[in-house]
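Peer 1: after the sequence you'll find the predicted model.
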Amino acid sequence: MQKTTIAILGAGAWGIALADLASANGHQVRVWSRRRVANLETVIQGAEIILSAIAMKGVSDVVSQIQSFPLSPQTIFVTATKGLDPKTTCTPSQIWQTAFPHHPVVVLSGPNLSKEIQQSLPAATVVASHNTAAAEFVQLVFSSPRFRVYTNPDPLGVELGGTLKNIIAIAAGVCDGLHLGTNAKAALVTRGLTEMVRIGNSWGAKTETFYGLSGLGDLLATCNSPLSRNYQVGYQMTLGQTLPEILANLPGTAEGVNTCQVLVQRAKHHNIAVPITEQVYRLLQGEVTTRQALEELMLRDIKPEYK
Ligand SMILES: NC(=O)C1=CN([C@@H]2O[C@H](COP(=O)(O)OP(=O)(O)OC[C@H]3O[C@@H](n4cnc5c(N)ncnc54)[C@H](O)[C@@H]3O)[C@@H](O)[C@H]2O)C=CC1
Ligand SMILES: O=C(CO)COP(=O)(O)O
């Protein structure tokens, strides 16, 4: 394909990994971060794709900065952030789409631990949009023999898969830290997926999306890897560290911590049962120990598997 100009916003682990993938495919890549000298307006000038790999806490601010700059009407926005806005509970793609209603917005999400991608290990991801042509264009830009990119027409489901699994990954870290065994881990991940589908459906996402790469795929990756920062938060809580201590030493962002808080609010408001999320929330708040959280989950009222 022809050379594309891509502006990558966010020079964290994921922004740099995506920049390297696009550069390796011969595209012209410019990276912006709040800590670099490059000016945001200059970086996005003339870009055919603006890809955001900014942590959730910075998304709204960067979106409003970009709103004041001139843009080509063809510019495609790609969002790779996995979080929820604490004020509005909106997803990052909803924030981008509201700010730029006439531009295509594509969600990029999948089982993509950046450290493995930086080691050139093979991986697959999903690009999802209501604008099929835009998703196919982004698919071409990033596809390579070591990065297999699928398209999907359910951006909300793809985005929520990547966002909601972070909470289950915290719980999985607890499960491994307490040495609860393989049966417990399988039960947690499976019931976690049920919880993700329940939340996703109430939001308007499709069930089948959660059984794909961006849902089950990302859940398997992050619930089974010490490379996942969210998993690390849960694991280290079993070692008796406090949340502020863990976060102070964590390499990068664990979005699940904030997502959990936002989700508990939203679930209460919409009357959705989220027992695992609730226990992770109470644990992060210091209201229960890891053992008490486990006990609360195991002693819930018995019920049918699907209801
Ligand atoms: N690292 C990974 O394996 C993957 C991460 N993600 C997601 O990508 C996002 C970024 O993750 P990482 O790069 O790993 O995190 P990181 O902590 O390494 O980097 C975060 C980036 O966001 C920027 N940022 C933070 N607050 C900001 C603000 N207020 N204004 C402007 N920029 C701000 C930082 O400067 C940095 O460039 C997260 O939502 C994460 O869930 C998604 C897939 C894989
Ligand atoms: O989302 C990820 C891999 O797909 C990265 O997970 P963590 O944010 O938990 O490190």
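Peer 2: Now that the structure is in, tell me what you want to look at. Ligands and ions are numbered 1, 2, ... in the order given.
Peer 1: please count neighbours and contacts with C-alpha atoms only from this point.
Peer 2: OK.
Peer 1: near ligand 2, which residues of the stretch 1-150 of the chain show up?
Peer 2: 110-113 (CA under 6 Å from any ligand atom).
Peer 1: mind listing what the residue nearest the centre of the chain touches?
Peer 2: Geometric centre of the chain, nearest residue: residue 82, 2.3 Å, by CA atoms, centre = their mean. By CA atoms under 8 Å, 6 or more residues apart in numbering, the contact set of residue 82 is 55-56, 92, 159-160, 162-163, 255.
Peer 1: mind redoing it with 6 Å?
Peer 2: 162-163 (CA atoms under 6 Å, 6 or more residues apart in numbering).
Peer 1: so for it, what's the pLDDT?
Peer 2: Predicted confidence (pLDDT) for residue 82: 98.
Peer 1: kindly report the same for residue 38.
Peer 2: On the pLDDT scale, residue 38 gets 83.
Peer 1: would you mind checking the residues of the stretch 1-150 of the chain next to ligand 2 for buried ones?
Peer 2: 110-113 (16 or more other CA atoms under 10 Å).
Peer 1: out of the residues you listed, which are close to ligand 1?
Peer 2: Here is what survives when these are matched to ligand 1 using CA under 6 Å from any ligand atom: 112-113.
Peer 1: give me the subset of the buried ones among the residues of the stretch 1-150 of the chain next to ligand 2 lying in strands.
Peer 2: The members of those all map outside strands under DSSP state E.
Peer 1: ok, of the buried ones among the residues of the stretch 1-150 of the chain next to ligand 2, which one's closest to ligand 1?
Peer 2: residue 113 (3.7 Å; CA to the nearest ligand atom).
Peer 1: then stretch 273-286 to CSV, C-alphas only?
Peer 2: The C-alpha trace of stretch 273-286 is given here as CSV (Å, rounded to 0.1, in the frame of the first residue of the first chain):
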residue,chain,number,x,y,z
ALA,A,273,-25.0,-7.4,38.7
VAL,A,274,-21.2,-7.2,38.7
PRO,A,275,-20.1,-9.3,41.7
ILE,A,276,-16.4,-9.7,40.6
THR,A,277,-16.1,-6.0,39.8
GLU,A,278,-17.7,-5.1,43.1
GLN,A,279,-15.2,-7.2,45.1
VAL,A,280,-12.2,-5.8,43.1
TYR,A,281,-13.5,-2.3,43.9
ARG,A,282,-13.8,-3.1,47.6
LEU,A,283,-10.4,-4.6,47.6
LEU,A,284,-8.9,-1.5,45.9
GLN,A,285,-10.7,0.7,48.4
GLY,A,286,-9.2,-1.2,51.3
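Peer 1: residues of it that come out buried?
Peer 2: Those would be 274-284, for stretch 273-286 by 16+ other CA under 10 Å.
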